[in-house]
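Asks: need the 3D shape of this:
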Amino acid sequence: MAKSEEAKKIQEKQGLKAEFIEFINRGSMIDLAVGVAVGGAFTAIVNSLVNDIVMPIVGLLLGGVDFTGLSLRIPNFFGTGDEAVIAYGNFIQNVVQFLVIAWVIFMVIKGMNRLNRKRDAKKTKKEEAKA
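Replies: Residues are numbered from 1 along each chain as shown. Below you'll find the predicted structure:
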């Protein structure tokens, strides 16, 4: 390999490294990392809110219905192995839980937006009073 070809490959690697470092240092990448970390922590809070506070109330309203035990068993007609179990109850339970989580998050965001609008209105009134 000629020295000029080797020098080009080294330069390409350094260029790739510099480009990668530039990519990592972009604000959007750092914002994404922070968002993922905060989202992970927020997930624990939302799960606790739903599982420990909201779902017991929903269970009372539905008469303690738990869908997780619902399943369809299909016998093995070939005589080998166990029967197949379609646990559609888990699916129903997860859909209900998703809807409850989505509703709770919607209500929290709606409340935050209301507070932000009130804060912005007060700020606008103060600015108008100064003018």
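
Asks: what stretches of the chain score poorly on pLDDT?
Replies: 1-4, 7-8, 10-13, 27 (pLDDT under 70).

Asks: can you give me the strands in it?
Replies: Here the chain has its strands, by DSSP state E, at 72-74, 84-86.

Asks: Ile45 is nearest to which of those strands?
Replies: strand 84-86 (33.4 Å; C-beta to C-beta). In short, each C-beta sits where N, CA and C put it, glycine included.

Asks: now distance to Ser48 and mean neighbour count too, for the strands of the chain, in JSON lines please.
Replies: As requested, the strands of the chain are arranged in JSON lines below (distance: least, C-beta to C-beta, whole Å; neighbours: other C-beta atoms under 10 Å):
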{"stretch": "strand 72-74", "distance to Ser48": "32", "mean neighbour count": "10"}
{"stretch": "strand 84-86", "distance to Ser48": "30", "mean neighbour count": "11"}
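
Asks: Serialize the ones you listed to a markdown table and add fields for distance to Thr124.
Replies: Formatted as a markdown table, those follow (distance: least, C-beta to C-beta, whole Å):
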| stretch | distance to Thr124 |
| --- | --- |
| strand 72-74 | 59 |
| strand 84-86 | 57 |
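
Asks: out of these, nearest to Met29?
Replies: Here strand 84-86 is closest among these (C-beta to C-beta), at 42.4 Å.

Asks: okay, now the sheet partners of that closest one, with direction.
Replies: The pairing partners recorded for strand 84-86 under DSSP bridges are strand 72-74 (antiparallel).

Asks: give me the contact list for the partner strand.
Replies: With contacts defined as C-beta atoms under 8 Å, 6 or more residues apart in numbering, strand 72-74 is touched by Glu83, Ala84, Val85, Ile86, Tyr88.
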